[in-house]
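1. For reference, the sequence and a predicted model appear below.
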Amino acid sequence: MPKRNNEKRTELESLFAFQVKALSLPEPVREYRFHDTRKFRFDFAWPDFKFAFEADGGEWINGAHNRGKGMANDYEKMSEALLLGWDVYRATGTMIKKGHAINFVERYFKLKGFI
């Protein structure tokens, strides 16, 4: 039986969490609620650095982030994050699986002097 989209998303998030740990990067907070009045959450956040990571799976299956309402919600969320001073990096499932996403995150931390 095929996995539901949220199970695939959990797999991607688990893989990314493993990659963070394998590179000994600072430990993120998962499902971090960053907004005082909205229920917006980041998949992974480093509140001390105001940096967040969003895993956007389903890029080839018309996933939630690729449809009108999901995209509109994402734009609103990212706009609010920007106003609050957050840097947010979004990556596709393919980017996570190939290691491109974790490489970017590591480069970001080095560039900012966080590691």
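-> Yep, it's here. Residues are numbered from 1 along each chain as shown.

2. Quickly note the distance from the closest residue in space to residue 57 that isn't next to it in sequence to residue 99.
-> Sequence neighbours aside, residue 93 is the residue nearest to residue 57 in space, at 4.2 Å (criterion: C-beta to C-beta, 6 or more residues apart in numbering). Just so you know, the C-beta spots here come from the backbone N, C-alpha and C atoms, and that holds for glycine as well. With the distance defined as C-beta to C-beta, to the nearest Å, residue 93 ends up 12 Å from residue 99.

3. Those two: who's more crowded?
-> In terms of neighbours (other C-beta atoms under 10 Å), residue 93 is the more surrounded of residue 93 and residue 99; the figures are 22 against 12.

4. May I ask which helix or strand encompasses residue 55?
-> Secondary structure here is read from DSSP states H and E; on that basis residue 55 sits in strand 51-56.

5. Please work out which residues outside that strand touch it.
-> Contacts made with strand 51-56 from outside it, assessed by C-beta atoms under 8 Å, 6 or more residues apart in numbering, are listed as 9, 12-13, 16, 28, 32, 34, 42-46, 63, 65, 81, 86-93, 96, 101, 105, 108-109, 112, 114.
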